[in-house]
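> Sequence plus predicted model, see below.
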Amino acid sequence: MGKKFYIKTFGCQMNFNDTERIRGILRSIGYEPAKSWEEADLIILNTCTVREKPDQKVLSHLGEYKKIKEKNPNALIAVAGCLAQRAGWELVQKAPVIDIMFSSFNMHQLPELINQAQAGYKAVAILEAPPEDEDKIWEFPTERDNPYCAYVTVIKGCDKFCTYCVVPLTRGRERSRSLESILDEVKRLVDEGVREIHLLGQNVTAWGKDLEKPVPFSELLYRVAEVEGVERIRFTTGHPKDLTDDVIEAMAEIPQVCNALHLPFQAGSNRILALMDRGYTKEEYLEKVAKLKEKVKGIALSTDVIVGFPTETEEDFEETLDVLRRVEFEQVFSFKFSPRPGTPAASMEGQLPDEVKTDRMRRLLELQKEILSRVAKRYEGTLQEVLVEEEKDGKVIGRTTTNKWATLKGGKELLGKIVKARVVKASPFNLECELVEVVK
Ligand code: SAH
Ligand code: SF4
Ligand code: F3S
């Protein structure tokens, strides 16, 4: 019987895309997916370390998964991803049950690491920088959960070094993937039935700057849209500083680019933005938003916010609430500031007590709930294009181009189709719709 793997993934969409690649690698060497971790011969935790909470989750999962060795002494436990990259051997000392460690730099080395571990060695391959043959990873097949919408990583790493953020330390400097390699993958995906391409990068709008012949990100949007069969394009995450006019133009001009953008602002106070080293002011952010709303009609914006950054006062926090009120985001991901080892903000003076962060977070969520129910109501009676992704009990579920979940009556024949639907009832997290027609 073939060996079985189980992967638990934490963190951002890029990490989920990495997991799809790891699954592809494991399939290519004969592994099959296990139904649960208890049946696996290889358990991989693909980790995140962006805040303290995900770190703790990884440790508690390791505590549980180590029981596998009582039943199956040959079973291997691997830790991949950002926590592996940040903590390295320190983590193995804390959790000696770990057999294998690698990161997003060297996923392609996994087959050799498994061999090493099977021979009884600790296969800890945490490198200081990405290896020369890093691009090998694009040659492996990927195994995806969603047959219609596919993530395509186009740039790795981040050069921004926001003072609170660990990502540049775990993912390295920005490395753009070549245009040919991206378009090859997009073509392959479309041939397999994918209709929506979601371009990924921690700072995706920086794509192309570091290529031998630099290419602007907007050009990538045009080139992906030219691939026959690409019906929808999304991209995440855009940094406000790199959201240049040509990208906004491209969003407005290319019919397949979805009416949605995730544009994290993090904080509303200019003093805090400067301490974060985000490279823009509140006014500049709001200006970009105004331009987006003017050029890309009906665009839905989402964002990330940090509450309780060191020295944040009541007045600073009010500025954050002010941005929420003005922009009316359709989705807000808010986080309490979490000091990360090795980042400047972790040792800044004026760290706030947890009660203050919790209280501000509660107030932010309350305000956002109010805004969201108002924004959602505006969908009622409108016509939306929905790409149907799932079918269950006579109903189908999909997303609008504004990235909202929509539900309507229908069967399997609608799977993978783009349909026009009328919104009958809108709540913050779901649009109940009626089918008008199947578009394509
Ligand atoms: N590249 C993206 C963000 C990636 S990390 C960008 O620049 O927008 C995802 C989110 O986690 C960030 O937007 C931020 O809101 C949050 N985050 C990152 N570091 C954090 C920290 N130390 N404490 C709390 N939240 C943090
Ligand atoms: Fe982190 Fe800033 Fe880079 Fe985003 S842009 S990944 S927040 S350093
Ligand atoms: Fe987490 Fe790494 Fe993504 S730290 S948010 S998994 S880049």
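That came through fine. Ligands and ions are numbered 1, 2, ... in the order given.

> list the buried ones in whichever strand or helix holds L83?
Assigning secondary structure by DSSP states H and E places L83 in helix 81-87. Neighbour counts using 16 or more other C-beta atoms under 10 Å place G81, C82, L83, A84, Q85, R86, A87 of helix 81-87 among the buried residues. (C-beta placed from N, C-alpha, C; glycine too.)

> avg pLDDT for stretch 71-81?
When pLDDT is averaged over stretch 71-81, the result is 95.

> I meant stretch 323-338, not that one.
Rounded mean pLDDT across stretch 323-338 is 97.

> wait, T311 sits on E349?
Yes. Checked against C-beta atoms under 8 Å, the pair T311 and E349 is within contact range at 7.3 Å.

> okay, those two: which has more neighbours?
In this view T311 and E349 are compared by other C-beta atoms under 10 Å, and T311 has more residues nearby, 15 against 6.

> Surely S60 forms part of a helix?
Yes. Per DSSP: H, G, I helix; E, B strand; the rest coil, S60 lies within a helix segment.

> neighbours around it, how many?
Residues near S60, counting by other C-beta under 10 Å, number 9.

> check contacts around it.
Not one residue lies near S60 by C-beta atoms under 8 Å, 6 or more residues apart in numbering.

> From G298, how far out is it?
43 Å (C-beta to C-beta, to the nearest Å).

> swap in V92?
In this view, V92 and G298 are 51 Å apart by C-beta to C-beta.

> And those two? Which one has more around it.
In this view V92 and G298 are compared by other C-beta under 10 Å, and V92 has more residues nearby, 18 against 11.

> can you give me phi and psi for the more buried one?
phi -60, psi -40 (degrees, to the nearest 10).

> contacting residues around it?
Contacts of V92 (C-beta under 8 Å, 6+ apart): I98, M101, K122, V124.

> Take those and keep only those in strands.
Those of the contacts of V92 mapping onto strands are M101, V124, per DSSP state E.

> got TSV for the contacts of V92, with pLDDT, distance to ligand 3 and neighbour count too?
Below are those laid out as TSV (pLDDT from 0 to 100; distance: C-beta to the nearest ligand atom, whole Å; neighbours: other C-beta atoms under 10 Å):
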residue	pLDDT	distance to ligand 3	neighbour count
I98	96	18	23
M101	98	15	26
K122	95	23	14
V124	96	18	19
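
> Of the contacts of V92, which is the nearest to E294?
For the contacts of V92, the closest approach to E294 (C-beta to C-beta) belongs to M101, at 48.5 Å.

> Now do the contacts for that closest one.
Here M101 is in contact with A78, V79, A80, A84, G88, L91, V92, A123, V124, A125, I126 (C-beta under 8 Å, 6+ apart).

> you'd agree T47 is up against D18?
No. In this structure T47 lies outside contact range of D18 using C-beta under 8 Å: 10.6 Å.

> between those two, who's got more neighbours?
T47 (30 against 27).

> beta partners for the more buried one?
Beta-bridge partners for T47, by DSSP bridges, are G81.

> Nothing else from me, thank you.
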